[in-house]
Every structure is written in C-alpha cells, then in structure tokens.
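Engineer: The following comprises the amino acid sequence and a computationally predicted model.
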Amino acid sequence: MNCHTYQNSILELLPLPSSEAIPEDIQRHLSTCPDCQRFYREHAQAVQSIRLTHSPLLSRDFKTNLMRKIRSGESPERIAPPVPAKIFQLWKPVYITALTVLILLLFFSFEPRQWFRALWHSQPGLPADIRLAQAFASEFGNGDRSGVLYQSREIVFQPLKDCYGKNEQWYPLMIINEKGTLASVKVSYRTSYETKRVIQDESWYDYDRHCFVRTLSLNQNVFFINAYDENGIVLTCEQTPSNEAVFQRTKVDGFSLPPPEEFLYLGADLSALWAGGDQVQIVNSITNKKYQGADVRQVKSTVQKNDGNYYRYYFDLTLDLNKILEINTFFHRVALLTIRPNFIRQESSGAYPRNLERIPVHMDSLKKFRFEKQDVPPYIRKTNMNEIHESAWNGLLYSESDSTHYSLANAIDILDFGFPSQRMVAFEYTAPDVQPVFLLQAFSINQNYGAKIKKMSQPIHRTRTGLHVWKCPILDSAAEHIIPVIQPFTDSQVNPYNGYLAEHPSGSYLLLITGETIQNTHVDQLLDSMTPLNASSTIGS
Amino acid sequence: MELHLTHIDITNAAISRTVETHHRPSFSDLWTRNWPQSQEEFEAFVDVFQERIFRFLYYRLKNRQDAEDVLQTVFLKAYHDRKKLCKVNTRAGSYLFRMAKNACIDHYRKQKRMTHVSPINQYREIPVGTHPESNDWDELERIDNILRQIPVKQADVIRLRIMDDLSFSEIAEVTGCFETTVRTRYRYGVRKLRRIIQKEEKDR
C-alpha cells in the first residue's frame, strides 16, 4: 500500500474513538511516515473542530411521557395547515366577489360567435405540427405534373432600425449550382433600411421539357437568375467581387432534374432556416385576419439554434390547411422577413422565359444584395432503402421479395414536409389489379407525428410479426394532397384515399396510403417483410 | 500517540471493515427483532434508539424542546403504523432514522409557514444559564456555517458520521446509497473540511 491508500484508510477511521484501536499496519506506517502523520493530525483536528464538547442528553421523563401517550392511544401529531392571515380572513368576502366579477368580465369580453366559430373550425385534437405539415404537403398537390408550374413569392425585408438582427436577415434560396448539385444561398441586403424592401421570387418548372427558370427581381428589375435547360445546361448568375453579374453556363452530364419540391418549394427553402435547431415549441391559434371571408389560422414555431438564439416562425394558414398565406420570421422579437407565397399555377408548356442571357440583369439592384452560397450535401437518390439508412432515425427496411401480393414499382424521395431538413421516402407498390399502395417513412412521422396520429386512429389489425395497424381518417385528407403528385388515381376510384398507420414493435412508424380497402393478408405480407434498420446487418442493393 | 493493535490486514478495504466492526454495534445488532408490536417490545425499542435519534434531531433543530417534540412524534408514528411497518420488513433502526429525517423536514416546513404568518415565531428559544447547552446554539451555528461550504451530500455524510456517530453501513442504510459511495463522500468531505478549517485559522 502507498501513502495515498493509507491516507484514505486514515480518513475513514476519523473520528477515532478513544476506546478503539488503529490497525497495526496503519500504525506502523504512521510511525515511519512524517507526511502521513501530519495528514492524520490535521484531519483529526478538522474533524474534532466540528464535534460538540458534550453529548446532549434527553430529558429523564421523555420515555415516561411517551409511553403514557402510547398507552392512552394518542395519535401522532399532524402538521397543522397554515393559518391564513387575519387580514385576509376579514377581507375574504371582498376578494372573492372581486375575483368573480373579474372572471365574468373576462368571459363576456370574448365575442362568443367568433369564438365558437373558431372552435368549430379548429378541428379539436389536431396537433399544431400536423396542421403545419398538412399545409406544407398541400404545396405539392397543386395540379398535375404536366405543363409548366409557375409560382411567385413576395419577400418583404422588414425595416431594421438598428443593426440588431442584421446578420440574421436573409432570404434562404435553394438553387442548382454549376456542379449539378443543390446549394443554399443566403440573399441579404448589404445595408439596413428603415423602410421595408420587397423582392419578387418567381420560378417556372417545365415538367414536359425537364427544365426550369428561377429569377429574383426588385421593382421588376431582375437581378438573379438560376436555370436548367433541355440541353442539360445549368445557368448560374454569379456575383463578382466588384458586384457585377457574370453568367455561367455549364453542361452537367448525367444530371437528372430534381422535382420542384426539392428546390423550388417553400419547404426546401425553409429547410435552410430550420437547420441547426431543435423545434422547441409549436402552438396554433385563430387570428383576426381574414382570407376570402374566412378566419386565418396561425401556427407559431419557436426554434432555438445552436448559437442559443431563438428564431420564431409564424405561419398563417387557411382554415382548411390547404394554403400557406404568409410566413413571418423573427430573431428574438425583431421582425426579419415576411414571405407571401402569392400563387402557384400551371401554365401551358413553353410559357416561361427563354433566351435568359438576354434578360437584362439590373446592376443597381444587384449591388444592393449579398449572396452567400453554401453547398448542400448531395441528396440521396438511390432507389432503395439506403436513403433511410443514411437518415438520422430508425427506419424500416423492406425485402424485395416476390412472394408479396404487392410488387415495388417506384421509390421516391422527397423533402419531409414536416421537417424540411430531412427526407421522406415513399415506396409505390402495385397490386395485381394495378391499384397502387404507397408506403411512407419520414423523420417527422417517426419523431413527431406517429404517436399523435395513433391517438386519433382506430386499431384494426395486428400482423404476424407484431406490427399494429391503425385506420387514420386524418391521413385520408393528407394523402389527398400528396398522392396525386406521386401517382394520380384513376377516375373510377370510389374511395380514392385510405390512410393507415403501422407501428413496428421497435417503435418505428410508417404510413400506408392506398386506393382500396386493404386486406389483412396483403398487409401482413407487405409489412411483415420489413425489418428495423438496427436489427439488420445488410442494406438492400 | 498510543495505539493498540488488534488486526493486521493487507488491503485497505479489509482495514476499513476491521475498524468498522470495532466501532460500535450497528442498527441490526442493536435491534435484531422485527418491528415491535406490543407495548413492552416498543418500550425496549425506545430504550435502544431514543438517545441516538434525539442527538440526530437536536443537532439539526438546535433546540431541545423542538427535538423532543419531533422525537415524540416519530415514536408515536412508529407505534401507530407498527402493523404496516412489520409487513414492509424493513430494518427498524435505519427506518427510524429516515422517519426522523422526514419529521425534521416537516418541522422546518411547518416553522417556515408559521413564520410567514406571524413574525413572532421567528424568535427562537435559546437556552441560557450555566447549563452546557447554553453554548450549543452558537456552536451548532458555527458547525453549520462550516458544513455549508461543503457539497450537501458530503456534508450530510459528515454530519451522520461525526455528529451522529453512525457507521458507514448505517449511513448507507439511512441515505439509501451504497456504502462505497458513502465512504468516498466522507473522504472527500473531510479533505475539504480540513482545508476550510485551515483557511479559517489563517484568516484569524
């Protein structure tokens, strides 16, 4: 044993009662080691200094009194409740009357008609984040996938009276850069203004020719262009250090144009805003605003970023959750941006700007802005479950077995509408009668919605491997927005959308959307073939 | 330094165990039977534990009358709930200490509430006269002030060990911790205690 060990033993011996002995080997060590002797002396003194010089003694008649009480059957004393102050007792009736009047006043200050109407439309029990997710999903469901999709947004840079929040005031813009990958661009004003500034964000996506154009303009003067044409050429508009616009045309080989939801929709842009933060709070309320005569719902989301700052996003939605009317972003309490998705509409093919180099880029407008580009990690586009394997959540792997009633027709990965910085993976299966079945997995379903949807659903089935299946009316309407984008159902469909939720014993959720009433045996075949990632050693090729 | 040899052990743990067995009888040695049911049994039970629990309460409440009142409540409750406690099959001694600890907290709470209502209750009865206890208040306050500078858990173990004379195994039973944890907390606590005392002496 070394000194340290002896010292630990000495400490445990303290306080050493006079009648007791110290073990011999400690004693032997103490007699030879001056350091340990000093250690012992100092610590013994310290311990002695917190001992009382005498032991307090109990009253002689304590036990007699106690036993007398026990014999008389006395109960233990209960701690008495606090006695209210006398002054409160005297004024109690006045307080109660005043409180009652206050409550009544507050109650009648509501406008009952509006209140009940809001309640009627608020779909009680529907969580705020599901409402928001549905509103984002509705963005995908505007029309079919042909012709030209045109959308326009108004971006209002709110006035900043001082520099507070200046660095946070930027519009996130997803573009395709010259390498044929996605990039996130921060568009910000070089100087702050005391009046608001409005820029226009317009985009055209041609489904038939697989090309797109996106422009930013200030007072109808275009100052930014990003495009991809049918010849496979990406057009970017780079800003030189001297604030001049330089067009760059790059031929991108082996590039397939991603669907518009990847980079042109709100969710894609907002993913940059939401990245690096945890959603800490999400609430919804009915506002006094009106849209086409109806009330407007507001969903508020507070995100705390890694830097500790709070960012707030207020989403104004229509009551039917089919449209995002306005998004306001705040840095703490400072208003930064207002985004108004004005309209999204389909146009006939060819109705988009051509000869882009001839579009005059307005240099005075361009000089007012700063563009900071950051490459987005390449999205996973493999048609297998590797997407999920790369995700930060526990997905389910499927086995490509021919024995199932359904056969895999397509694998589509899109942004997770409830959590735009993540991916959502949809698998399209077809039954022998060509009816499609969609199986969706996403971070937000796993983390946020699965448990909530389950509470609003009816259990209908349990598969052989223990997956529970619920029928979810709420998914019917959500599917109504998503499915037509992926695969339009046939007109003969009587009940086009059926939504189911399946929960794997490992705690993973997945959504099942079908155009027919699904049969239990077929569900069993499909779902039972799935295994959770953490239980799998190999990923499907 | 006069030292008597009783055992020669090699390991530190063995030394500690050896010393512990010489220290004093533990709870389980003091009361080997089940929770007392009859009045006679309970009287014997009171005889065994009353002084130790009283000291425990006195050091914390710093008032003889309060300590005796709380002690009486603890024993009355122990007798009142004897059938229930018998079924729990817990160690009587350590359970009684825990009851005393909870009663102490209740007493503080009650005193706090009463203080809030009537400022006159802030007055504490401090014994006066030539009785040795007349100095206890200041002494206990001084000890409290020292122990407040040590992390609460370590200070708790030090109180139980030094002031209440409990063995490590008893402290482990009372606090619900492992004995090794208790020993570690004690060692660290005493080291800090020494530094505090030395600093105070330097400052004087």
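Structural biologist: Yes, it's here. Numbering: from 1, shown residues only, chains lettered A, B, ... in the order given.
Engineer: For B:Ile52, pull up the helix or strand it's in.
Structural biologist: Careful, residue B:52 is Arg and not Ile. Per DSSP states H and E, B:Arg52 falls inside helix B:39-61.
Engineer: which residues of the stretch 151-300 of chain A fall in helices?
Structural biologist: Under the criterion DSSP state H, counting those that start in this stretch, helices of the stretch 151-300 of chain A are mapped to A:260-263, A:266-274.
Engineer: Which strands or helices does the shortest one pack on?
Structural biologist: Identification of packing neighbours for helix A:260-263 by 3 or more Cβ pairs under 8 Å, 6 or more residues apart in numbering or on different chains; DSSP states H and E yields strand A:171-176, helix A:266-274, strand A:407-415. All C-beta atoms are positioned from the backbone trio N, CA, C, and that covers glycine.
Engineer: Compare the helices of the stretch 151-300 of chain A and say which comes out lowest on pLDDT.
Structural biologist: Note on the helices of the stretch 151-300 of chain A: lowest mean pLDDT is at helix A:266-274, with a mean of 69.
Engineer: Distance check, the spatially closest residue to A:Asp206 that is not a sequence neighbour against A:Tyr228.
Structural biologist: Once flanking residues are discounted, A:Asp206 sits nearest to A:Val148: 4.9 Å by Cβ to Cβ, 6 or more residues apart in numbering or on different chains. Going from A:Val148 to A:Tyr228 by Cβ to Cβ, to the nearest Å gives 14 Å.
Engineer: which of those two has more neighbours?
Structural biologist: Neighbour count, other Cβ atoms under 10 Å in any protein chain shown: between A:Val148 and A:Tyr228, A:Tyr228 has more, with 24 against 21.
Engineer: rewinding a little: any figure for the gap between the residue nearest to A:Asp206 and B:Leu140?
Structural biologist: A:Val148 is 86 Å from B:Leu140, by Cβ to Cβ.
Engineer: Also A:Tyr291?
Structural biologist: In terms of Cβ to Cβ, A:Tyr291 sits 71 Å off from B:Leu140.
Engineer: quick one: which of those two has more around it?
Structural biologist: Just comparing A:Tyr291 and B:Leu140: by other Cβ under 10 Å the higher neighbour count belongs to B:Leu140, 19 against 16.
Engineer: Which element, helix or strand, includes that one?
Structural biologist: In this assignment (DSSP H and E), B:Leu140 forms part of helix B:136-147.
Engineer: contacts for stretch B:95-102?
Structural biologist: B:27, B:49, B:53, B:56-57, B:70-71, B:74, B:77-78, B:85, B:88, B:166, B:170, B:173-174 (Cβ atoms under 8 Å, 6 or more residues apart in numbering or on different chains).
Engineer: Show the buried residues in those.
Structural biologist: B:27, B:49, B:53, B:56-57, B:70-71, B:74, B:77-78, B:85, B:166, B:170, B:173-174 (16 or more other Cβ atoms under 10 Å in any protein chain shown).
Engineer: Pretty sure A:His468 sits against A:Pro459.
Structural biologist: Yes - under the criterion of Cβ atoms under 8 Å, A:His468 makes contact with A:Pro459 at 6.3 Å.
Engineer: Below-threshold pLDDT in the stretch 51-200 of chain A: ranges please.
Structural biologist: Judged by pLDDT under 70, the stretch 51-200 of chain A has its weakly predicted residues at A:75-97, A:99-134, A:137-145, A:162-163.
Engineer: same check, this time on the stretch 351-500 of chain A
Structural biologist: A:351, A:355-358, A:376-404, A:410-424, A:433-435, A:477-496.
Engineer: for it, what spans make up the strands?
Structural biologist: Applying DSSP state E, counting those that start in this stretch to the stretch 351-500 of chain A gives strands spanning A:369-375, A:396-397, A:407-415, A:423-430, A:436-442, A:458-462, A:468-471, A:498-503.
Engineer: Count the neighbours of the residue in the stretch 301-450 of chain A that chain B sits nearest to for me.
Structural biologist: Here the stretch 301-450 of chain A gets closest to chain B at one residue, A:Gly308, 28.4 Å apart by Cβ to the nearest Cβ. The number of residues packed near A:Gly308 is 6, by other Cβ under 10 Å.
Engineer: That one: which element?
Structural biologist: Per DSSP H and E: nothing holds A:Gly308, as it lies in no helix or strand.
Engineer: returning to what we had before: go through the buried ones among the contacts of stretch B:95-102 and name the one with the lowest pLDDT.
Structural biologist: Taking the buried ones among the contacts of stretch B:95-102 together, the minimum pLDDT is found at B:Phe27 (65).
Engineer: Burial check on the residue lying closest to A:His29 once chain neighbours are set aside, number of neighbours?
Structural biologist: Excluding the flanking residues, the one nearest A:His29 by Cβ to Cβ, 6+ apart is A:Tyr6, at 5.1 Å. If you count neighbours by other Cβ under 10 Å, A:Tyr6 ends up with 22.
Engineer: try B:His107
Structural biologist: Neighbours of B:His107 under the rule other Cβ under 10 Å: 20.
Engineer: What of B:Glu68?
Structural biologist: Around B:Glu68 there are 20 residues (other Cβ under 10 Å).
Engineer: same question, A:Asn288
Structural biologist: A count of nearby residues for A:Asn288, using other Cβ under 10 Å, gives 7.
Engineer: How about A:Phe369?
Structural biologist: Neighbours around A:Phe369, by other Cβ under 10 Å: 19.
Engineer: returning to what we had before: could I get the contacting residues of the residue nearest to A:His29?
Structural biologist: A:26, A:29-30, A:33, A:36, B:12.
Engineer: Give me the distance between it and B:Gly176.
Structural biologist: As judged by Cβ to Cβ, A:Tyr6 and B:Gly176 stand 30 Å apart.
Engineer: Ok, B:Ser169 next?
Structural biologist: Where B:Gly176 is concerned, B:Ser169 sits at a distance of 13 Å (Cβ to Cβ).
Engineer: neighbour-wise, which of these two wins?
Structural biologist: A direct count of neighbours by other Cβ under 10 Å for B:Ser169 and B:Gly176 places B:Ser169 higher, at 17 against 8.
Engineer: Correct me if wrong: that one contacts B:Thr180.
Structural biologist: No - look at B:Ser169 against B:Thr180 with Cβ under 8 Å: they stay out of range, at 11.0 Å.
Engineer: how far away is the closest residue to A:Ala451 other than its chain neighbours from B:Asn63?
Structural biologist: Leaving out its chain neighbours, the residue that sits closest to A:Ala451 by Cβ to Cβ, 6+ apart is A:Tyr509, at 7.8 Å. For A:Tyr509, the distance to B:Asn63 equals 61 Å [Cβ to Cβ].
Engineer: Out of those two, name the residue with the larger neighbour count.
Structural biologist: Taking other Cβ under 10 Å, A:Tyr509 and B:Asn63 do not tie; A:Tyr509 has more neighbours (24 against 21).
Engineer: beta partners of the more buried one?
Structural biologist: With DSSP bridges applied, A:Tyr509 shows beta-bridge pairing to A:Glu503.
Engineer: so who does it touch?
Structural biologist: A:441, A:445-446, A:449-451, A:453-454, A:501-503.
Engineer: Restricted to buried residues, select those residues in PyMOL.
Structural biologist: Burial among the contacts of A:Tyr509 is assessed by 16+ other Cβ under 10 Å; the matching PyMOL selection reads:
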select buried, chain A and resi 441+445+446+449+450+453+501+502+503
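Engineer: Pull out the buried residues from stretch A:504-513.
Structural biologist: Using 16+ other Cβ under 10 Å as the burial criterion, the residues of stretch A:504-513 that qualify are A:504, A:508-513.
Engineer: try stretch A:173-182
Structural biologist: A:173-178, A:180, A:182.
Engineer: quick one: the helices in the stretch 1-150 of chain A?
Structural biologist: For the stretch 1-150 of chain A, helices defined by DSSP H, counting those that start in this stretch occupy the ranges A:3-13, A:24-32, A:34-48, A:62-71, A:86-109, A:112-121, A:128-140.
Engineer: tell me what the second one is packed against?
Structural biologist: Packing contacts for helix A:24-32, counted by 3+ Cβ pairs under 8 Å, 6+ apart, involve helix A:3-13, helix A:34-48.
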